[in-house]
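Trainee: Starting from these lines, generate the structure:
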Amino acid sequence: MTLQDMNTTTSAAAEAPVVVSIKNVSKRFVLRKDNSLKERLVTLGRAGRRHSEDFWALKDVDLEIPAGTTIGLLGPNGSGKSTLLKAIGGILEPSTGTITRRGRLAALLELGAGFHPDLTGRENVFLNAAILGMSQAETEAKFDDIVNFSGIADFIDSQVKFYSSGMYVRLAFSVAIHTDPDILLVDEVLAVGDEAFQRKCMDKIKEFQRQGRTIVLVSHSMGQVQELCDRAVVLSHGEVQFVGSARSAVKNFREILEGKRISEASAAGEPEDEIQPGIVTGTELVVEGRQPGEEVQAGDDMVLRLHFEHATRLDEWHSGFIIESNTGQQVFGTDSRRMKLHHAPMDRTASVEYRLEDVQFGAGPYFVHTYFYKPSGEHIAILREAARFVMADDDYSTGTLRVKASAREL
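Mentor: You can find the predicted model right below:
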(Lines give C-alpha, C1' and ligand atoms only; values in the text may rest on other atoms or scores of the structure.)
Protein backbone atom coordinates (compact mmCIF):
# COMPACT_ATOMS: atom_id res chain seq x y z
CA MET A 1 0.00 0.00 0.00
CA THR A 2 1.39 3.43 -0.92
CA LEU A 3 0.31 6.94 -0.13
CA GLN A 4 -0.42 7.50 -3.83
CA ASP A 5 -2.76 4.50 -3.87
CA MET A 6 -5.26 6.20 -1.59
CA ASN A 7 -8.27 7.69 -3.34
CA THR A 8 -8.10 10.90 -1.35
CA THR A 9 -4.53 11.74 -2.28
CA THR A 10 -4.34 15.25 -3.64
CA SER A 11 -3.18 15.83 -7.21
CA ALA A 12 -0.24 17.87 -5.91
CA ALA A 13 0.98 14.96 -3.80
CA ALA A 14 0.45 12.54 -6.65
CA GLU A 15 2.61 14.67 -8.95
CA ALA A 16 5.39 15.24 -6.38
CA PRO A 17 8.49 13.06 -6.66
CA VAL A 18 8.90 10.26 -4.14
CA VAL A 19 11.66 11.09 -1.64
CA VAL A 20 11.32 8.00 0.56
CA SER A 21 10.50 4.61 -0.96
CA ILE A 22 9.99 1.64 1.36
CA LYS A 23 9.60 -1.72 -0.37
CA ASN A 24 8.80 -4.98 1.45
CA VAL A 25 10.73 -3.91 4.54
CA SER A 26 10.88 -6.24 7.53
CA LYS A 27 13.08 -5.98 10.60
CA ARG A 28 13.94 -8.95 12.81
CA PHE A 29 15.40 -8.79 16.31
CA VAL A 30 16.64 -11.84 18.22
CA LEU A 31 15.35 -11.95 21.80
CA ARG A 32 17.44 -14.05 24.18
CA LYS A 33 15.71 -16.03 26.91
CA ASP A 34 18.89 -16.66 28.96
CA ASN A 35 19.20 -13.26 30.56
CA SER A 36 21.83 -13.89 33.24
CA LEU A 37 25.53 -14.57 32.69
CA LYS A 38 25.14 -17.95 34.41
CA GLU A 39 22.35 -18.97 32.03
CA ARG A 40 24.42 -17.94 29.02
CA LEU A 41 27.42 -19.96 30.24
CA VAL A 42 25.22 -22.99 30.82
CA THR A 43 23.67 -22.76 27.34
CA LEU A 44 27.00 -21.96 25.63
CA GLY A 45 27.62 -24.52 22.94
CA ARG A 46 24.11 -25.87 23.06
CA ALA A 47 21.43 -25.29 20.47
CA GLY A 48 21.09 -21.50 20.82
CA ARG A 49 17.77 -21.36 19.07
CA ARG A 50 16.06 -22.97 22.04
CA HIS A 51 17.20 -20.04 24.18
CA SER A 52 16.27 -17.25 21.79
CA GLU A 53 13.34 -16.26 19.62
CA ASP A 54 12.78 -14.01 16.64
CA PHE A 55 10.77 -10.82 17.04
CA TRP A 56 9.64 -9.12 13.84
CA ALA A 57 9.32 -5.42 14.64
CA LEU A 58 8.34 -4.67 11.01
CA LYS A 59 6.63 -7.01 8.56
CA ASP A 60 6.52 -6.37 4.80
CA VAL A 61 6.06 -2.61 5.04
CA ASP A 62 5.40 -0.85 1.72
CA LEU A 63 5.17 2.95 1.66
CA GLU A 64 6.04 5.82 -0.62
CA ILE A 65 6.37 9.33 0.78
CA PRO A 66 6.09 12.19 -1.76
CA ALA A 67 8.17 15.35 -1.42
CA GLY A 68 6.62 18.20 0.54
CA THR A 69 4.25 16.08 2.63
CA THR A 70 4.04 15.71 6.40
CA ILE A 71 3.38 12.11 7.40
CA GLY A 72 2.39 10.95 10.89
CA LEU A 73 3.17 7.48 12.24
CA LEU A 74 0.58 6.19 14.72
CA GLY A 75 0.26 2.93 16.59
CA PRO A 76 0.22 1.34 20.05
CA ASN A 77 3.45 0.88 22.00
CA GLY A 78 5.53 -1.81 20.31
CA SER A 79 3.81 -1.39 16.95
CA GLY A 80 7.05 -0.56 15.11
CA LYS A 81 6.78 3.24 14.73
CA SER A 82 10.23 4.12 16.07
CA THR A 83 11.80 1.12 14.34
CA LEU A 84 10.40 2.30 11.00
CA LEU A 85 11.61 5.84 11.63
CA LYS A 86 15.12 4.57 12.46
CA ALA A 87 15.09 2.42 9.33
CA ILE A 88 14.13 5.45 7.22
CA GLY A 89 16.95 7.39 8.88
CA GLY A 90 19.50 4.67 8.11
CA ILE A 91 20.17 3.96 11.79
CA LEU A 92 18.74 0.43 11.48
CA GLU A 93 19.31 -1.83 8.49
CA PRO A 94 16.21 -3.76 7.35
CA SER A 95 16.40 -7.54 7.60
CA THR A 96 14.62 -7.75 4.24
CA GLY A 97 13.48 -5.20 1.67
CA THR A 98 14.91 -1.86 0.63
CA ILE A 99 14.59 1.81 1.61
CA THR A 100 15.71 4.56 -0.77
CA ARG A 101 15.94 8.25 0.12
CA ARG A 102 16.51 11.44 -1.86
CA GLY A 103 17.97 14.64 -0.39
CA ARG A 104 19.62 15.61 2.88
CA LEU A 105 18.03 13.94 5.89
CA ALA A 106 18.04 15.08 9.53
CA ALA A 107 16.77 12.77 12.25
CA LEU A 108 15.80 13.64 15.81
CA LEU A 109 15.07 10.15 17.06
CA GLU A 110 16.55 9.71 20.52
CA LEU A 111 17.36 12.07 23.34
CA GLY A 112 20.88 13.37 22.75
CA ALA A 113 21.64 10.88 19.97
CA GLY A 114 25.03 11.78 18.52
CA PHE A 115 26.10 13.72 21.64
CA HIS A 116 29.20 12.75 23.63
CA PRO A 117 28.60 13.34 27.36
CA ASP A 118 32.18 14.42 28.09
CA LEU A 119 32.21 17.08 25.36
CA THR A 120 30.81 20.57 25.78
CA GLY A 121 27.66 21.78 24.07
CA ARG A 122 29.81 23.76 21.63
CA GLU A 123 31.90 20.70 20.74
CA ASN A 124 28.78 18.55 20.40
CA VAL A 125 27.19 21.03 18.00
CA PHE A 126 30.10 20.50 15.60
CA LEU A 127 30.11 16.73 16.22
CA ASN A 128 26.36 16.33 15.73
CA ALA A 129 26.28 18.61 12.69
CA ALA A 130 29.09 16.57 11.11
CA ILE A 131 27.10 13.37 11.71
CA LEU A 132 24.16 15.02 9.96
CA GLY A 133 26.31 15.89 6.92
CA MET A 134 27.38 19.51 7.52
CA SER A 135 30.92 20.72 6.92
CA GLN A 136 32.82 22.61 9.63
CA ALA A 137 32.52 25.84 7.62
CA GLU A 138 28.71 25.40 7.35
CA THR A 139 28.44 24.75 11.08
CA GLU A 140 30.57 27.79 11.95
CA ALA A 141 28.33 29.98 9.75
CA LYS A 142 25.17 28.74 11.52
CA PHE A 143 26.58 28.30 15.02
CA ASP A 144 25.10 31.50 16.48
CA ASP A 145 21.66 30.72 15.02
CA ILE A 146 21.81 27.18 16.46
CA VAL A 147 22.68 28.44 19.94
CA ASN A 148 20.13 31.27 19.86
CA PHE A 149 17.32 28.93 18.84
CA SER A 150 18.23 26.43 21.55
CA GLY A 151 18.14 29.13 24.23
CA ILE A 152 21.00 27.59 26.24
CA ALA A 153 23.80 30.06 25.40
CA ASP A 154 24.80 30.28 29.08
CA PHE A 155 25.59 26.55 29.12
CA ILE A 156 27.05 26.04 25.64
CA ASP A 157 30.58 25.57 27.04
CA SER A 158 29.49 23.13 29.76
CA GLN A 159 29.78 19.37 29.34
CA VAL A 160 26.48 17.98 28.13
CA LYS A 161 26.49 15.27 30.82
CA PHE A 162 25.42 18.08 33.16
CA TYR A 163 22.50 19.09 30.90
CA SER A 164 18.89 18.46 31.82
CA SER A 165 16.77 16.40 29.43
CA GLY A 166 15.12 19.61 28.22
CA MET A 167 18.50 21.17 27.39
CA TYR A 168 19.46 18.03 25.44
CA VAL A 169 16.30 18.31 23.36
CA ARG A 170 16.73 22.03 22.72
CA LEU A 171 20.27 21.64 21.41
CA ALA A 172 19.61 18.45 19.43
CA PHE A 173 16.52 19.88 17.72
CA SER A 174 18.26 23.15 16.99
CA VAL A 175 21.18 21.39 15.30
CA ALA A 176 18.85 19.15 13.29
CA ILE A 177 16.74 21.97 11.85
CA HIS A 178 19.78 24.10 10.96
CA THR A 179 21.29 21.40 8.74
CA ASP A 180 18.85 22.61 6.06
CA PRO A 181 17.28 19.14 5.62
CA ASP A 182 15.06 18.05 2.75
CA ILE A 183 13.61 15.35 5.02
CA LEU A 184 13.11 15.78 8.78
CA LEU A 185 12.41 12.75 10.98
CA VAL A 186 11.00 13.57 14.44
CA ASP A 187 10.26 11.08 17.23
CA GLU A 188 8.48 11.66 20.55
CA VAL A 189 11.49 13.47 22.01
CA LEU A 190 9.78 16.86 21.53
CA ALA A 191 7.50 15.98 24.43
CA VAL A 192 10.46 16.43 26.79
CA GLY A 193 10.89 20.18 26.22
CA ASP A 194 8.83 22.78 28.06
CA GLU A 195 5.59 24.11 26.57
CA ALA A 196 7.15 27.28 25.16
CA PHE A 197 9.90 25.35 23.39
CA GLN A 198 7.42 22.77 22.06
CA ARG A 199 5.44 25.63 20.52
CA LYS A 200 8.65 27.03 19.05
CA CYS A 201 9.41 23.64 17.52
CA MET A 202 5.90 23.36 16.11
CA ASP A 203 6.25 26.79 14.53
CA LYS A 204 9.53 25.72 12.95
CA ILE A 205 7.95 22.55 11.58
CA LYS A 206 5.13 24.62 10.06
CA GLU A 207 7.74 26.89 8.50
CA PHE A 208 9.37 23.80 6.97
CA GLN A 209 5.97 22.76 5.64
CA ARG A 210 5.51 26.13 3.92
CA GLN A 211 8.96 25.68 2.37
CA GLY A 212 7.90 22.34 0.88
CA ARG A 213 10.10 20.09 3.00
CA THR A 214 9.15 16.51 3.86
CA ILE A 215 8.49 15.60 7.51
CA VAL A 216 7.89 12.20 9.11
CA LEU A 217 6.54 12.52 12.65
CA VAL A 218 5.98 9.93 15.39
CA SER A 219 3.61 11.19 18.07
CA HIS A 220 1.14 9.85 20.60
CA SER A 221 -0.70 13.19 20.50
CA MET A 222 -3.78 12.77 18.31
CA GLY A 223 -4.32 16.51 18.16
CA GLN A 224 -0.72 17.13 17.11
CA VAL A 225 -0.97 14.60 14.28
CA GLN A 226 -4.22 16.11 13.02
CA GLU A 227 -2.83 19.64 13.31
CA LEU A 228 0.45 19.01 11.49
CA CYS A 229 0.06 16.03 9.18
CA ASP A 230 -1.35 15.79 5.66
CA ARG A 231 -1.48 12.02 5.91
CA ALA A 232 -0.89 9.38 8.55
CA VAL A 233 0.09 5.73 8.72
CA VAL A 234 -1.25 3.38 11.40
CA LEU A 235 1.00 0.49 12.43
CA SER A 236 0.03 -2.52 14.53
CA HIS A 237 2.32 -5.44 15.35
CA GLY A 238 4.80 -4.21 12.76
CA GLU A 239 2.30 -4.14 9.90
CA VAL A 240 0.68 -1.21 8.10
CA GLN A 241 -3.01 -1.23 9.02
CA PHE A 242 -4.11 2.03 7.42
CA VAL A 243 -2.84 4.87 5.24
CA GLY A 244 -4.97 7.95 4.67
CA SER A 245 -5.96 11.35 5.98
CA ALA A 246 -4.78 12.26 9.47
CA ARG A 247 -8.32 12.36 10.86
CA SER A 248 -9.24 8.96 9.38
CA ALA A 249 -5.98 7.49 10.67
CA VAL A 250 -6.68 8.77 14.19
CA LYS A 251 -10.14 7.20 14.09
CA ASN A 252 -8.61 3.90 12.90
CA PHE A 253 -5.98 4.04 15.63
CA ARG A 254 -8.61 4.60 18.32
CA GLU A 255 -10.49 1.54 17.04
CA ILE A 256 -7.28 -0.50 17.37
CA LEU A 257 -6.84 0.69 20.96
CA GLU A 258 -10.43 -0.23 21.80
CA GLY A 259 -9.94 -3.67 20.23
CA LYS A 260 -6.76 -4.12 22.26
CA ARG A 261 -8.62 -3.20 25.45
CA ILE A 262 -11.30 -5.79 24.73
CA SER A 263 -8.70 -8.48 23.89
CA GLU A 264 -6.82 -7.83 27.14
CA ALA A 265 -10.04 -8.03 29.13
CA SER A 266 -10.90 -11.30 27.38
CA ALA A 267 -7.44 -12.74 28.10
CA ALA A 268 -7.96 -11.84 31.77
CA GLY A 269 -11.01 -14.12 31.79
CA GLU A 270 -13.76 -11.51 31.83
CA PRO A 271 -17.06 -12.76 30.30
CA GLU A 272 -17.74 -11.27 26.87
CA ASP A 273 -20.92 -9.52 28.00
CA GLU A 274 -18.85 -7.78 30.68
CA ILE A 275 -16.15 -6.71 28.20
CA GLN A 276 -18.42 -4.68 25.96
CA PRO A 277 -21.98 -4.94 27.27
CA GLY A 278 -23.05 -1.53 26.00
CA ILE A 279 -22.88 0.54 22.84
CA VAL A 280 -23.76 4.04 21.69
CA THR A 281 -26.27 3.32 18.96
CA GLY A 282 -26.41 6.82 17.50
CA THR A 283 -26.41 10.58 17.90
CA GLU A 284 -28.85 12.96 16.26
CA LEU A 285 -27.81 16.58 15.77
CA VAL A 286 -30.52 19.15 15.05
CA VAL A 287 -29.94 22.88 14.57
CA GLU A 288 -33.17 24.75 15.10
CA GLY A 289 -34.22 26.69 12.01
CA ARG A 290 -31.65 24.95 9.79
CA GLN A 291 -31.90 22.11 7.31
CA PRO A 292 -29.80 18.96 7.88
CA GLY A 293 -26.26 19.58 6.63
CA GLU A 294 -26.70 23.37 6.49
CA GLU A 295 -23.90 25.45 8.03
CA VAL A 296 -24.45 26.49 11.63
CA GLN A 297 -24.51 30.24 12.25
CA ALA A 298 -23.18 31.90 15.41
CA GLY A 299 -26.05 32.26 17.87
CA ASP A 300 -27.98 29.19 16.68
CA ASP A 301 -29.44 26.70 19.16
CA MET A 302 -28.39 23.07 18.81
CA VAL A 303 -30.00 19.87 20.09
CA LEU A 304 -28.12 16.59 20.57
CA ARG A 305 -30.10 13.37 21.05
CA LEU A 306 -27.91 10.52 22.29
CA HIS A 307 -29.05 6.89 22.02
CA PHE A 308 -27.63 4.01 24.08
CA GLU A 309 -28.04 0.26 24.47
CA HIS A 310 -26.85 -2.07 27.25
CA ALA A 311 -27.08 -5.86 27.42
CA THR A 312 -28.16 -5.81 31.06
CA ARG A 313 -30.17 -3.42 33.21
CA LEU A 314 -28.22 -0.37 34.44
CA ASP A 315 -29.67 1.09 37.62
CA GLU A 316 -27.25 4.03 37.61
CA TRP A 317 -25.27 5.51 34.73
CA HIS A 318 -24.08 8.77 33.17
CA SER A 319 -24.08 10.05 29.59
CA GLY A 320 -21.99 12.74 27.95
CA PHE A 321 -20.42 14.12 24.82
CA ILE A 322 -17.30 15.95 23.64
CA ILE A 323 -17.06 18.39 20.73
CA GLU A 324 -13.68 18.57 18.96
CA SER A 325 -12.39 20.86 16.23
CA ASN A 326 -10.99 19.52 12.97
CA THR A 327 -7.50 19.48 14.53
CA GLY A 328 -8.58 17.33 17.48
CA GLN A 329 -8.79 20.18 20.00
CA GLN A 330 -11.59 19.76 22.52
CA VAL A 331 -13.71 22.91 22.45
CA PHE A 332 -16.64 21.82 24.62
CA GLY A 333 -17.87 18.86 26.58
CA THR A 334 -20.25 18.01 29.37
CA ASP A 335 -22.10 15.07 30.89
CA SER A 336 -25.10 14.25 33.06
CA ARG A 337 -23.04 14.20 36.27
CA ARG A 338 -21.78 17.75 35.71
CA MET A 339 -25.27 18.93 34.79
CA LYS A 340 -26.83 17.27 37.86
CA LEU A 341 -29.10 15.17 35.63
CA HIS A 342 -30.14 11.86 37.18
CA HIS A 343 -30.93 9.23 34.55
CA ALA A 344 -33.67 6.67 35.12
CA PRO A 345 -32.48 3.04 35.12
CA MET A 346 -31.63 1.82 31.61
CA ASP A 347 -33.56 -1.31 30.69
CA ARG A 348 -31.63 -2.27 27.51
CA THR A 349 -32.10 1.09 25.73
CA ALA A 350 -32.21 4.77 26.64
CA SER A 351 -32.05 8.18 24.99
CA VAL A 352 -30.92 11.55 26.35
CA GLU A 353 -31.34 15.05 24.92
CA TYR A 354 -28.86 17.88 25.44
CA ARG A 355 -29.56 21.43 24.33
CA LEU A 356 -26.82 23.94 23.47
CA GLU A 357 -28.02 27.54 23.26
CA ASP A 358 -26.38 30.45 21.47
CA VAL A 359 -23.57 28.37 19.94
CA GLN A 360 -20.45 30.51 19.43
CA PHE A 361 -17.79 28.15 18.04
CA GLY A 362 -15.37 29.51 15.46
CA ALA A 363 -15.64 28.76 11.74
CA GLY A 364 -14.93 25.26 10.46
CA PRO A 365 -15.92 21.62 10.94
CA TYR A 366 -16.55 20.01 14.35
CA PHE A 367 -17.08 16.42 15.49
CA VAL A 368 -19.20 15.07 18.34
CA HIS A 369 -18.01 12.05 20.36
CA THR A 370 -20.74 10.42 22.48
CA TYR A 371 -20.17 8.16 25.50
CA PHE A 372 -21.66 6.72 28.69
CA TYR A 373 -20.13 5.39 31.88
CA LYS A 374 -20.85 3.99 35.34
CA PRO A 375 -21.07 6.17 38.49
CA SER A 376 -17.65 4.77 39.51
CA GLY A 377 -16.21 6.44 36.40
CA GLU A 378 -15.72 3.11 34.61
CA HIS A 379 -16.02 3.52 30.85
CA ILE A 380 -18.86 1.61 29.14
CA ALA A 381 -18.70 2.75 25.50
CA ILE A 382 -17.90 5.68 23.25
CA LEU A 383 -18.92 6.42 19.66
CA ARG A 384 -16.33 8.67 18.06
CA GLU A 385 -17.42 11.09 15.36
CA ALA A 386 -21.02 10.23 16.16
CA ALA A 387 -22.09 13.52 14.53
CA ARG A 388 -20.54 16.35 12.54
CA PHE A 389 -21.41 20.00 11.87
CA VAL A 390 -19.79 23.00 10.19
CA MET A 391 -19.80 26.51 11.62
CA ALA A 392 -20.09 29.29 9.04
CA ASP A 393 -17.30 31.81 8.48
CA ASP A 394 -17.54 35.36 9.70
CA ASP A 395 -15.74 38.50 8.50
CA TYR A 396 -14.02 39.69 11.66
CA SER A 397 -12.57 36.80 13.69
CA THR A 398 -10.62 33.54 13.59
CA GLY A 399 -10.09 30.71 16.07
CA THR A 400 -12.27 28.13 17.81
CA LEU A 401 -14.36 30.58 19.84
CA ARG A 402 -16.31 33.71 18.90
CA VAL A 403 -16.25 36.63 21.31
CA LYS A 404 -18.07 39.93 20.93
CA ALA A 405 -15.33 42.45 20.30
CA SER A 406 -15.01 46.13 19.53
CA ALA A 407 -12.11 48.41 18.59
CA ARG A 408 -11.40 52.13 18.70
CA GLU A 409 -8.53 54.54 18.08
CA LEU A 410 -6.66 55.80 21.16
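Trainee: quick one, phi/psi of residue 252?
Mentor: phi -60, psi -40 (degrees, to the nearest 10).
Trainee: what residues are up against it?
Mentor: Neighbour list for residue 252: 234, 241-242, 244 [criterion: CB atoms under 8 Å, 6 or more residues apart in numbering]. C-betas here are computed from N, CA, C, even on glycine.
Trainee: Who wins on neighbours among the residues you listed?
Mentor: residue 234 (26 neighbours; other CB atoms under 10 Å).
Trainee: does that one really touch residue 255, like I thought?
Mentor: No: with contact defined as CB atoms under 8 Å, residue 234 does not count as touching residue 255 (9.3 Å).
Trainee: before we move on, which element is residue 24 in?
Mentor: Using DSSP states H and E, residue 24 falls within strand 18-32.
Trainee: packing partners for that strand?
Mentor: With contacts defined as 3 or more CB pairs under 8 Å, 6 or more residues apart in numbering; DSSP states H and E, strand 18-32 has these neighbours: strand 52-66, helix 81-88, strand 96-101, strand 214-218.
Trainee: buried set for that strand?
Mentor: Neighbour counts using 16 or more other CB atoms under 10 Å place 18-20, 22-23, 25-27 of strand 18-32 among the buried residues.
Trainee: go on, stretch 375-388?
Mentor: Those would be 380-387, for stretch 375-388 by 16+ other CB under 10 Å.
Trainee: so can I have JSON lines of the residues you listed showing pLDDT and distance to residue 177?
Mentor: JSON lines is the format used below for the buried residues of stretch 375-388 (pLDDT from 0 to 100; distance: CB to CB, whole Å):
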{"residue": "380", "pLDDT": "92", "distance to residue 177": "45"}
{"residue": "381", "pLDDT": "91", "distance to residue 177": "43"}
{"residue": "382", "pLDDT": "90", "distance to residue 177": "38"}
{"residue": "383", "pLDDT": "89", "distance to residue 177": "40"}
{"residue": "384", "pLDDT": "86", "distance to residue 177": "34"}
{"residue": "385", "pLDDT": "86", "distance to residue 177": "34"}
{"residue": "386", "pLDDT": "90", "distance to residue 177": "40"}
{"residue": "387", "pLDDT": "91", "distance to residue 177": "40"}
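Trainee: In those, find the pair that's most separated.
Mentor: Based on CB to CB, the longest span within the buried residues of stretch 375-388 runs between 380 and 387 and measures 19.0 Å.
Trainee: could you check the distance from residue 244 over to residue 238?
Mentor: Residue 244 sits 19 Å away from residue 238, going by CB to CB, to the nearest Å.
Trainee: Over to residue 83?
Mentor: In terms of CB to CB, residue 83 sits 8 Å off from residue 238.
Trainee: Identify the contacts common to the two.
Mentor: By CB under 8 Å, 6+ apart, the residues touching both residue 83 and residue 238 are 27, 57-58.
Trainee: nearest to residue 362, of those?
Mentor: Nearest to residue 362 among those, with distances taken as CB to CB, is residue 58, at 40.8 Å.
Trainee: What about residue 362, how many residues nearby?
Mentor: Neighbour count for residue 362, taken as other CB under 10 Å: 18.
Trainee: give me the low-pLDDT residue ranges for this structure?
Mentor: Within the chain, the stretches with pLDDT under 70 are 1-14, 32-51, 110-114, 189-195, 258-276.
Trainee: how is it carved up into domains?
Mentor: 3-33+50-254, 276-391 (automatic domain parsing).
Trainee: Can you classify residue 226 by secondary structure?
Mentor: The assignment at residue 226 comes out as helix when based on DSSP: H, G, I helix; E, B strand; the rest coil.
Trainee: What about it, how many residues nearby?
Mentor: Residues near residue 226, counting by other CB under 10 Å: 21.
Trainee: Next up, the contacts around it.
Mentor: Counting by CB under 8 Å, 6+ apart, residue 226 has contacts 246-247, 250, 326-328.
Trainee: can you list the residues you listed in a markdown table and add neighbour count?
Mentor: Shown next, in a markdown table, are these (neighbours: other CB atoms under 10 Å):
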| residue | neighbour count |
| --- | --- |
| 246 | 24 |
| 247 | 20 |
| 250 | 23 |
| 326 | 16 |
| 327 | 16 |
| 328 | 17 |
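Trainee: thinking again about what came up before, strand partners of the strand holding residue 24, parallel vs antiparallel please.
Mentor: Applying DSSP bridges to the sheet, strand 18-32 is found paired with strand 52-66 (antiparallel), strand 96-101 (antiparallel).
Trainee: just so I know, which of those lies nearest residue 318?
Mentor: strand 52-66 (40.8 Å).
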